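Undergrad: For reference, the sequence and a predicted model appear below.
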Amino acid sequence: MRIGAIISLAYAFLSCCNVRADSTAQATNNLSVDLGKGVRMEFVLIQPGKFLMGSDNGEANEKPVREVTITKPFYLGKFEVTQEQWQALMGSNPSFVKGTNHPVEMVSWDECQEFLAKLKRKVKNLKPCLPTEAQWEYACRAGSTNEFCCGDDDASVSEHSWCSLNDMGTTHPVGEKKPNAWGLYDMHGNVWEWCADRCDANFASVPAQSSSGGPRTYRIVRGGSWICVPHRCRAAFRLKFLPTDKFTRRGLRVCLEVP
């Protein structure tokens with residue numbers, strides 16, 4: 001199916017959801033989802049394409065570098081999920097550092113699934129989920145082949161992230177740093193972001209658009225956090241944790257899959 005037809009079909013579904021297209025930014029095909037009580041969640045349409053996943057300059061679990069094809073468009077949260085948004089759906093705020101527009105943190109992978117299930121009721125014809133590792137890295141890089149969306153220099157990443165170079169010992173409200181080329185904020189730093197995938201030891205078999213199979217229970221986080229050195233905020237850097245782990249600095253960014 002042609003990409004234009006897929007997008008048109010997605011827009012047709014929106015008329016029967018609590019979702020609206022951003023008419024002031026049709027070039028970017030942004031969406032806004034009503035969570036109730038004046039709280040909304042913004043999404044950016046990510047078009048299909050190819051990219052090089054992984055890094056030859058990183059850890060063993062970031063190799064081998066390989067070409068991955070994202071075959072379907074998807075929407076990704078413009079920002080990390082905020083405490084206000086989490087509170088709107090879950091009725092609680094587990095975060096250690098409190099702040100309405102700060103990213104929610106101290107949430108487990110399992111708790112993220114509960115949040116996504118509640119979000120599903122707001123977008124009945126789209127599928128809320130965590131991004132796969134491939135979707136996450138593709139969106140983070142936004143066309144870049146460097147270690148960060150903004151290049152390879154550690155100092156330059158300060159303009160796009162909250163990390164050990166500038167963190168001031170706390171999380172920060174989402175969207176205060178520069179976005180990447182595709183209009184996504186805080187892809188580097190601020191809080192770690194859970195991905196859908198179970199843990200693979202390296203990038204030899206990580207799938208493009210579905211969670212990897214097998215009996216492994218560990219899940220992946222991406223992006224680094226406000227206390228991480230720049231090396232840990234790189235596009236390819238990854239860590240594994242149990243899905244029940246909700247140690248501080250772990251949050252999420254929502255993906256909406258197009259039917």
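TA: Alright, I've got the coordinates.

Undergrad: in the stretch 51-200 of the chain, what spans have low per-residue confidence?
TA: Within the stretch 51-200 of the chain, no range satisfies pLDDT under 70.

Undergrad: Straight-line length of stretch 72-82, end to end?
TA: 27 Å (CA to CA, to the nearest Å).

Undergrad: chain center to it, what's the gap?
TA: Centroid separation for stretch 72-82 versus its chain: 6 Å, with CA atoms, centre = their mean, to the nearest Å.

Undergrad: Stretch 182-201 too?
TA: That offset, for stretch 182-201, works out to 5 Å (CA atoms, centre = their mean).

Undergrad: My understanding was that residue 186 contacts residue 79; is that so?
TA: Yes. Assessed by CB atoms under 8 Å, residue 186 is found in contact with residue 79 at 6.6 Å. For the C-beta atoms, the positions are set from N, CA and C on the backbone; glycine is no exception.

Undergrad: list residues touching both of these two?
TA: By CB atoms under 8 Å, 6 or more residues apart in numbering, residue 186 and residue 79 have these common neighbours: 103, 174-175.

Undergrad: neighbour-wise, which of residue 186 and residue 79 wins?
TA: Taking neighbours as other CB atoms under 10 Å, residue 186 and residue 79 compare with residue 186 leading, 29 against 22.

Undergrad: Contact partners for that one?
TA: 79-80, 103, 161-162, 174-175, 177, 223.

Undergrad: ok, residue 155 - how many residues close by?
TA: If you count neighbours by other CB under 10 Å, residue 155 ends up with 9.

Undergrad: these two touch, right, it and residue 163?
TA: No. Using CB under 8 Å, residue 155 is not in contact with residue 163, being 10.9 Å away.

Undergrad: on that earlier part again, out of the shared contacts of residue 186 and residue 79, list just those in strands.
TA: The members of these all map outside strands under DSSP state E.

Undergrad: Spell out for me which residue occupies the centre of the chain.
TA: Against the mean C-alpha coordinate of the chain, by CA atoms, centre = their mean, the closest residue is residue 253 at 3.8 Å.

Undergrad: surely that one meets residue 131?
TA: Yes. Here residue 253 reaches residue 131: they are 6.9 Å apart, a contact under CB under 8 Å.

Undergrad: who touches both of these two?
TA: Taking CB under 8 Å, 6+ apart as the contact rule, residue 253 and residue 131 both touch residue 76.

Undergrad: Please report how far the residue lying closest to residue 192 once chain neighbours are set aside lies from residue 91.
TA: Excluding its sequence neighbours, the residue lying closest to residue 192 (CB to CB, 6 or more residues apart in numbering) is residue 221, at 4.0 Å. In this view, residue 221 and residue 91 are 25 Å apart by CB to CB, to the nearest Å.

Undergrad: JSON lines for the contacts of residue 186, including distance to residue 43?
TA: Putting the contacts of residue 186 into JSON lines (distance: CB to CB, whole Å) gives the following:
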{"residue": "79", "distance to residue 43": "10"}
{"residue": "80", "distance to residue 43": "13"}
{"residue": "103", "distance to residue 43": "16"}
{"residue": "161", "distance to residue 43": "21"}
{"residue": "162", "distance to residue 43": "22"}
{"residue": "174", "distance to residue 43": "14"}
{"residue": "175", "distance to residue 43": "14"}
{"residue": "177", "distance to residue 43": "19"}
{"residue": "223", "distance to residue 43": "17"}
